[in-house]
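# using only what follows, build the 3D model:
(2 chains)
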Amino acid sequence: MKPLLARLVAGDRLVGDGAMGTMLFQRGLEPGRPPESITLSRPAVLEEIAQLYLDAGSDILQTNTFGGSPLKLALHGLEAETEAINREAVRAVRRVAGDRAYVCASCGPCGRLLEPYGDVSAAAVYEGFRRQLAALCAAGVDGVIVETMTDLAEAKLAVRAAKEVSPGIPVLATMTFDATPRGFFTIMGVSVAAAAAGLLEAGADAVGSNCGSGIEQMVQVAREFRRHTAVPLVIQANAGLPKLVDGRLEYDETPAFFADKARELAELGVSVIGGCCGTTPDHIAALRAMVDGL
Amino acid sequence: MTVLAEIADAVIQGDGPRVAPLTKQAIAAGIPPKEILDAGLIAGMTVIGDRFRVHEIFLPDVLLAAKAMYAGMDELKPLLLRDGIPSIGKVVIGSVKGDLHDIGKNLVGIMLKGAGFEVVDLGHDVAPERYVSAAREQGAAVIGMSALLTTTMPVMREVVEQVRAAGLAGQVRTVVGGAPVTEAFAREIGADAYGFDAGNAVDVVKGLLGRR
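As a prediction, this is how the structure comes out:
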């Protein structure tokens, strides 16, 4: 397999994977328990999910380590398991992926707010990410995806930590934006322009957005990123917002709708197109077919 | 600028270290504590709430302003208690059982306090019976529930049912909110109201208590 960075630089188009949390809940993860708790108790579930996305056509499979910072694991009394949780999550996906797909480490927010508006120091957040990413990189990932970030300062700490523990590792960094009357901003007030500039300054190799409120809005976010940077873009959208249907929660964007709208992402030259909350292997299969048909 | 305007301005600037001495200065000048609260701290937070609502400012600015407001409240609280000045209403809030997310809930708490409510924050991962017992013990008029996870939303229904079972329906009102929560969901579970964001939550609670 060509290194991930070479593919990104060459302008190749890659298909990401879909939701993790949704899949875990369907497989018995109890509400209130962290998704990472599955990793040590039932790693076979992670292999099953990775296999579903691989079969659906994902070029990139992400690890079940979104909340794997020791700061976040500490909320569940799992801080001491930081190394094992991050390492075993990589191993599970690698057993399935082999060299047929890139294994990328998922690194989400640490769950605490930075000083001065929050109560945790930048040094502590950085050290948490460093510890998580050291375990992930030592286990052998092809790239790191820093995602769902809303605070640019925190996102930059994660990007820098990844580059410190593994200087050559490709780092893809994505933030989550809301539409406001004044344009797209994260809840912490970061604009797309500021996100692009800040993430690149911290050393990210590709930037973009994930989560959000559906594929159509994400196309607008991608367009905004494209206006501000020529680097490879990563876009992983939700399948809309969850709605309550007969007492169950459903995301309303079908695989066909999702893939059809994602065509606009491809036309914008987005390098990695994948899914986030509510997207299934069917969404990924539809994306794969769309990308292959271009 | 009057000292009260200065207090409001320091809250707006998120300048906690300035608010405490200014509040002391206002107290020393003999301004009634209730007036310092309303025309100083709450006036400042109202501006913050309005700016946040129109996306002129974002979460960090609100959190800093809240810290500044609390610095002033710490000075005023003993005096308000001494004078027997009641708040405009008492609200019990918390993120529901299974949900460890509390940024949204904290924001609601800030906005409620900033509007003059007394807030009893039960934190996150709050079991249904805790909301009910806290509301009863504290004599709260409203229970506010928050959920970020779709998987924890069903807990809200349990709380509504337990309020009814405890014979508190009508006396203790229930309000729900959080990213995946909708008006339709609130209706379905029988909650008294739905707040679509922290600013709206204040309007909704005021509406429930007839204070609009």
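# what is the burial count for A:Glu81?
Close neighbours of A:Glu81, defined as other C-beta atoms under 10 Å in any protein chain shown, add up to 19. To be clear about C-beta, it is placed using only N, CA and C from the backbone, and glycine gets the same treatment.
# got it, and the one 4 residues further on?
As a burial measure, the neighbour count of A:Ile85 was computed by other C-beta under 10 Å and equals 27.
# pull the contacting residues for B:Met153.
Contacts of B:Met153 were listed using C-beta atoms under 8 Å, 6 or more residues apart in numbering or on different chains, and they are A:249, B:96, B:147, B:178, B:180-181, B:185.
# now do 7 Å
Residues touching B:Met153, when contacts are defined by C-beta atoms under 7 Å, 6 or more residues apart in numbering or on different chains, comprise B:147, B:180-181, B:185.
# kindly report the same for B:Ile7.
Listed by C-beta under 7 Å, 6+ apart, the contact partners of B:Ile7 are B:19, B:22-23, B:26, B:36, B:40-41, B:44, B:72.
# among the residues you listed, which are located in helices?
Filtering those for membership in helices, criterion DSSP state H, returns B:19, B:22-23, B:26, B:36, B:44, B:72.
# what residues does chain A have near chain B?
Residues of chain A found near chain B (C-beta under 7 Å from any C-beta of the partner chain) are A:25, A:31-32, A:75, A:116-118, A:180-182, A:185, A:187-189, A:242, A:244, A:249.
# redo that, cut-off 6 Å
By C-beta under 6 Å from any C-beta of the partner chain, the residues of chain A that approach chain B are A:25, A:31-32, A:75, A:117, A:180, A:182, A:187-189, A:242, A:244, A:249.
# filter the residues you listed down to the buried ones, ChimeraX style.
Selecting only the buried members of the residues of chain A next to chain B in ChimeraX, with burial defined as 16 or more other C-beta atoms under 10 Å in any protein chain shown, works like this:
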select /A:25,31,32,75,117,187,188,189,242,244,249
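# mind checking pLDDT for the nearest residue to B:Leu79 once chain neighbours are set aside?
Residue nearest to B:Leu79 in three dimensions, not counting chain neighbours: B:Pro33, with 4.1 Å by C-beta to C-beta, 6 or more residues apart in numbering or on different chains. With respect to pLDDT, B:Pro33 has a value of 95.
# what's the answer for A:Leu73, then?
At A:Leu73, the model reports a pLDDT of 97.
# do A:Val125 as well
Here the pLDDT value assigned to A:Val125 is 98.
# residues contacting residue 162?
Using chain A. A:Ala162 is in contact with A:133, A:144, A:169, A:171, counting by C-beta atoms under 6 Å, 6 or more residues apart in numbering or on different chains.
# oops, I was thinking of chain B
B:Gln162 is in contact with B:128, B:132, counting by C-beta under 6 Å, 6+ apart.
# what about it, distance to A:Gly214?
In this view, B:Gln162 and A:Gly214 are 35 Å apart by C-beta to C-beta, to the nearest Å.
# what of B:Val205?
As it turns out, when the distance is counted by C-beta to C-beta, B:Val205 lies 30 Å from A:Gly214.
# those two: which has the busier surroundings?
When B:Val205 is set against A:Gly214 and neighbours are counted by other C-beta under 10 Å, the residue ahead is B:Val205, at 27 against 19.
# for the residue nearest to B:Leu79, the count of nearby residues, please.
B:Pro33, neighbours per other C-beta under 10 Å, totals 20.
# ok, A:Lys261 next?
Residues contacting A:Lys261 under the criterion other C-beta under 10 Å number 18.
# pull the residues that contact stretch B:37-54.
Contacting residues not belonging to stretch B:37-54 are listed as B:4, B:7-8, B:11-12, B:57, B:62, B:65, B:69, B:72, B:76, B:111, B:114, B:116, B:199 [C-beta under 6 Å, 6+ apart].
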